[in-house]
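**Q** I'd like to go over a predicted model; first the sequence, then the structure.
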Amino acid sequence: MWPRNGIGLTNSNYTELNQLYERYKDKGLEILAFPCNQFGNEEPGTNNEIKEFVCTRFKSEFPIFDKIEVNGDKEAPLYKFLKSGKWGMFKDDIQWNFAKFLVDQNGVIINRYYPTTSPLTIEGDMKKLLGIS
């Protein structure tokens, strides 16, 4: 069973990411979500269950990809690349779900944000990258 109660970072992150996506998707913003179950078994559902949860409960329209691993021997190549750009507090490991990366249209990693960073607090960085005053 996969009942999510929205405790922790889930509600605030999905709510704020949706707000940013709605504001800036027509200006070039893309948000890509990669669920991971490596942190406290917080993504135990199937890929379809996760997508249904996010799209139904939060009405998210940005892509929700299949679950991946972001640390360790089975780390997805995408995260090897992302972690090579900006270092986290504990070397290069991802600390928890909702770690965020700001990447430009050429694939250059602009910044890395901790899981506890509110998406709305990075809106200025996004606007700058999108060329919005």
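**A** Structure received. Numbers count the residues shown, from 1 in each chain.
**Q** make it CA atoms for all contacts and neighbour counts henceforth
**A** Noted.
**Q** contact partners for the closest residue to Phe34 other than its chain neighbours?
**A** In this structure, Phe34 finds its nearest non-sequential neighbour in Phe65, 5.2 Å apart by C-alpha to C-alpha, 6 or more residues apart in numbering. Phe65 makes contacts with 32-35, 47, as judged by C-alpha atoms under 8 Å, 6 or more residues apart in numbering.
**Q** of those residues, which is the most crowded?
**A** Per-residue neighbour counts (other C-alpha atoms under 10 Å) across these peak at Pro35, which has 22 neighbours.
**Q** related to what we said a few turns ago, so how far is Gly28 from the residue nearest to Phe34?
**A** Distance of Phe65 to Gly28, computed by C-alpha to C-alpha, to the nearest Å: 19 Å.
**Q** same question for Glu22.
**A** For Glu22, the distance to Gly28 equals 11 Å [C-alpha to C-alpha].
**Q** just want to know which of these two has more residues nearby.
**A** Of the pair Glu22 and Gly28, Glu22 is the one with more neighbours under other C-alpha under 10 Å, namely 15 against 12.
**Q** give me the phi and psi for Lys80.
**A** Lys80 adopts backbone torsions of phi -60, psi -40, taken as degrees, to the nearest 10.
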